[in-house]
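Engineer: Quick one: sequence and predicted model below, then my questions.
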Amino acid sequence: MDIKSLYKLNVVAVDDEEMILKHLDNHISRYCNKFEKFTSAIEAYEYISTSTVDIVISDIRMPLMNGIEFSKKVKDYKKDIIVILLSASNDADYLMEAINVGVDRFLPKPYSIKELIEILENYATQIESIKEVKLYNEFIVNKLKIKENNFKDILYYLEQYNDAINQTNLVRKFDSNGKIITTNNKFTKTLGMYSLANQLKEINSFDVIKNTTSSSDNFFNNLIIYENQNQKSYIESTYIPIYKYDQTLLEVLEISYDVSEVYKLNEEIQKTQETVIYMLGTLIESRSKETSNHLKRVALYGEIIGKAYGLDDKQMELMKISSPLHDIGKIGIPDHILNKPSSLSDEEYRVVKEHSKIGYEILKNSNRDILQIAAVIAYSHHENWDGTGYPQNLKGEEIDIYSRIIAVADVFDALTHDRCYKKAWSIEEAIDFIKKEKGKKFEPKIVDMFLESIEDILKIYRKYTEND
């Protein structure tokens with residue numbers, strides 16, 4: 001991402017807390033052309049209505065005029081201004097109100113400055129591209145009014161504008177039927193030898209003409225992922241219709257920019273997060289004398305069962321990554337109870353059951369999807385289908401699908417391996433137990449999917465049991 005676009009931005013920040021404004025000022029203002037901050041939304045709007053502003057960053061909960069009301073006034077005044085709302089609230093009503101008034105981005109607190117700057121970079125490039133196109137159109141309108149003897153000047157100006165756009169953006173043009181008629185050099189250079197045939201195949205995934213001409217803003221945006229020689233390029237595109245004087249469509253101009261670096265950075269963050277989650281899960285399991293293979297097996301069993309159940313790829317990936325934290329609450333259970341080689345007393349069992357709540361409390365405040373799901377699994381993987389489980393006595397589909405799947409995977413693995421309080425059961429004994437608990441401890445459909453997938457599950461069992 002080219003951070004140079006940020007230096008042209010005029011940004012307004014609004015928050016009733018001086019410390020937050022100071023924090024934003026310290027980290028963001030140096031990248032902007034102009035950065036103004038206000039503790040009052042009313043004062044901020046007065047400034048916006050008399051100044052050139054590209055992006056507004058606003059809190060939601062503010063006195064006199066809250067962030068939603070403020071965003072509506074800004075959008076009513078000038079819909080091109082990008083509005084980013086920051087909030088510590090997860091209230092769905094706020095999110096729906098924000099969408100309804102046209103807020104461009106809703107960023108939950110806590111957020112990182114790095115994340116906010118990446119968002120600003122994306123919008124900066126988009127704003128810059130749209131400004132160029134507007135300038136281009138204004139130029140055409142104004143210059144075509146001049147006398148015929150200046151026609152050579154017009155052509156020369158047009159060539160310079162074309163050069164400026166082509167040097168800084170990936171550009172394609174489509175005719176009025178949606179067929180690609182030209183692709184500039186920067187597009188080809190960025191995506192390598194990406195063939196025209198592949199471009200045509202990719203563009204059929206959406207209707208350029210329909211989406212562009214039906215948009216109320218007279219343009220629309222799209223993210224396209226290109227794969228070439230095992231490399232992915234992430235391209236964000238804006239499509240602008242070009243009309244004849246009689247308002248019939250002449251062509252559609254696609255102006256794009258490469259956001260691959262942002263996506264690659266997100267992938268690196270994801271991989272780091274997965275590693276940290278697995279290491280943390282392993283550390284917790286080591287306290288109860290269990291090996292790291294327990295976490296691998298449970299995650300992979302869950303993935304197999306989830307696929308058979310009908311989860312989509314994203315759901316399965318989130319469950320697989322987050323499942324190693326299902327017993328993170330054991331960090332709050334004393335070792336002498338956790339590793340007791342005999343049966344627990346009623347009081348000790350009550351203490352052990354607290355690990356579900358402890359795990360949930362540790363994870364619940366994260367705004368990351370993976371950790372939110374991990375929090376739910378930690379809280380609910382000991383709930384039973386018939387409502388006899390703990391800690392909430394949830395029943396049936398009141399228990400989330402991830403917890404219902406991991407419950408079967410975790411019990412099967414626990415039964416088939418040694419624990420401090422028991423020897424491993426045979427595979428047949430463990431399967432019989434799960435069958436008997438169908439409709440009681442476990443959801444019937446999940447038990448059916450488990451049994452249908454038993455050969456794949458046993459492959460995982462054998463692969464990750466040898467060193468236990």
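Structural biologist: Looks like it arrived, so ask away.

Engineer: isn't Val351 right next to His336, touching?
Structural biologist: No: taking C-beta atoms under 8 Å as the definition, Val351 is not a contact partner of His336, at 10.4 Å. The way it works is simple: take the backbone N, C-alpha and C, and place the C-beta from them, glycine included.

Engineer: Which of these two has more residues huddled nearby?
Structural biologist: Under the criterion of other C-beta atoms under 10 Å, the comparison of Val351 against His336 puts Val351 first, with 15 against 8.

Engineer: what's the nearest residue to the more buried one if we skip its chain neighbours?
Structural biologist: For Val351, ignoring the flanking residues on the chain, the nearest one in space by C-beta to C-beta, 6 or more residues apart in numbering is Ile337 at 5.7 Å.

Engineer: swap in Val171?
Structural biologist: Closest to Val171 by C-beta to C-beta, 6+ apart is Asn184, at 4.2 Å.

Engineer: what about the one you found, how many residues close to it?
Structural biologist: Neighbours of Asn184 under the rule other C-beta under 10 Å: 19.

Engineer: Hmm, it is touching Asn166, no?
Structural biologist: Yes: contact criterion C-beta under 8 Å: Asn184 and Asn166 qualify, at 4.7 Å.

Engineer: So which residues of the stretch 51-200 of the chain form helices?
Structural biologist: Ranges of helices in the stretch 51-200 of the chain, per DSSP state H, counting those that start in this stretch, are 67-77, 92-101, 113-143, 151-168, 185-191, 196-203.

Engineer: Show me what the longest one is packed up against.
Structural biologist: With contacts defined as 3 or more C-beta pairs under 8 Å, 6 or more residues apart in numbering; DSSP states H and E, the packing partners of helix 113-143 are helix 18-28, strand 55-59, strand 82-87, strand 105-108, helix 151-168, strand 231-243, strand 249-258, helix 260-287.

Engineer: Switch these over to a markdown table; also include distance to Ala378, mean neighbour count and mean pLDDT.
Structural biologist: Below are those laid out as a markdown table (distance: least, C-beta to C-beta, whole Å; neighbours: other C-beta atoms under 10 Å; pLDDT from 0 to 100):
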| stretch | distance to Ala378 | mean neighbour count | mean pLDDT |
| --- | --- | --- | --- |
| helix 18-28 | 31 | 14 | 90 |
| strand 55-59 | 31 | 24 | 92 |
| strand 82-87 | 25 | 22 | 87 |
| strand 105-108 | 21 | 15 | 80 |
| helix 151-168 | 48 | 13 | 69 |
| strand 231-243 | 33 | 17 | 77 |
| strand 249-258 | 39 | 20 | 78 |
| helix 260-287 | 10 | 14 | 71 |
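
Engineer: OK, contacts around Tyr116?
Structural biologist: Quick fix: residue 116 reads Leu, not Tyr. Leu116 makes contacts with Ile28, Ile57, Ile84, Leu107, as judged by C-beta atoms under 8 Å, 6 or more residues apart in numbering.

Engineer: what about the helices and strands packed on helix 113-143, which gets the closest to Arg462?
Structural biologist: Arg462 lies closest to helix 260-287 among the helices and strands packed on helix 113-143, at 20.3 Å (C-beta to C-beta).

Engineer: Which strands or helices does that closest one pack on?
Structural biologist: helix 113-143, strand 231-243, helix 292-309, helix 313-322, helix 369-380.

Engineer: Need those in a markdown table (columns: distance to Glu159).
Structural biologist: Shown next, in a markdown table, are the helices and strands packed on helix 260-287 (distance: least, C-beta to C-beta, whole Å):
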| stretch | distance to Glu159 |
| --- | --- |
| helix 113-143 | 12 |
| strand 231-243 | 17 |
| helix 292-309 | 56 |
| helix 313-322 | 47 |
| helix 369-380 | 48 |
